[in-house]
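Trainee: Build me a model:
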Amino acid sequence: MIYQLVWQATMVAHFLVIAYIALGGLLAWWRPRLIWPHLALCAWGVVQLAGLVECPLTALENWGRAAAGERGLLAGGFIDTYIEGVVYPQAYVTHVRLAVIAVVLASWAGLAVRSRRRRTRPGRTTGTSAAPRPEASR
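Mentor: Residues are numbered from 1 along each chain as shown. I've put the predicted structure just below:
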């Protein structure tokens, strides 16, 4: 039972990571500090697509599945098992990848525009208090 919980929780975490790779730049419009984990996960996504290393979430899910007596993920890992051919047809893999790249780049461009507007907004004060400090009397 615990092994089934392990692979199912890993599957959910995997979906969340992939969603964050696609949409994290948009979340950074709301909280700009979220751009850093988003950049890191995008870089990780590129490494994964290049096939340079195996994803630790895939390895953990396969381990949990094997220990629970379940069939492992397909050879292509998480995306081939749960997304390609399930969420969208296999014939559209390139189109979907390009769409995700476009969303990520557009979100980064939008974040850059929003950040620039915040910095150059007229009348914006710096520091923790907007009230002027009284001069010390002599």
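Trainee: From here on, just use CA atoms for contacts and neighbour counts.
Mentor: Noted.
Trainee: Please, where are all the helices along this structure?
Mentor: Ranges of helices within the chain are 2-30, 35-49, 56-67, 78, 93-120, based on DSSP state H.
Trainee: Looking at those helices, which is nearest to Gly85?
Mentor: helix 93-120 (8.8 Å; Cα to Cα).
Trainee: Check which helices and strands that closest one sits against.
Mentor: helix 2-30 (3 or more Cα pairs under 8 Å, 6 or more residues apart in numbering; DSSP states H and E).
Trainee: what about this protein, any weak spots by pLDDT?
Mentor: 123-138 (pLDDT under 70).
Trainee: at 80 what do you get?
Mentor: 121-138 (pLDDT under 80).
Trainee: neighbours around Tyr82, how many?
Mentor: By other Cα atoms under 10 Å, the residues close to Tyr82 number 14.
Trainee: Likewise for Thr120?
Mentor: Using other Cα under 10 Å: Thr120 sits among 9 other residues.
Trainee: one step back: how about the helices of the chain in TSV, adding distance to Gly85?
Mentor: Shown next, in TSV, are those (distance: least, Cα to Cα, whole Å):
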stretch	distance to Gly85
helix 2-30	16
helix 35-49	17
helix 56-67	18
helix 78	12
helix 93-120	9
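Trainee: Of those helices, which is nearest Glu84?
Mentor: helix 93-120 (7.0 Å).
Trainee: now the closest one, how far from the chain's geometric center?
Mentor: 13 Å (Cα atoms, centre = their mean, to the nearest Å).
Trainee: For it, buried residues please.
Mentor: By neighbour count with 16 or more other Cα atoms under 10 Å, helix 93-120 contains the buried residues 100, 103-104, 107-108, 110-111.
Trainee: before we move on, what about stretch 46-60?
Mentor: 55, 57-59.
Trainee: Turn these into CSV, including distance to Ile18.
Mentor: Formatted as CSV, the buried residues of stretch 46-60 follow (distance: Cα to Cα, whole Å):
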residue, distance to Ile18
Cys55, 12
Leu57, 11
Thr58, 12
Ala59, 16
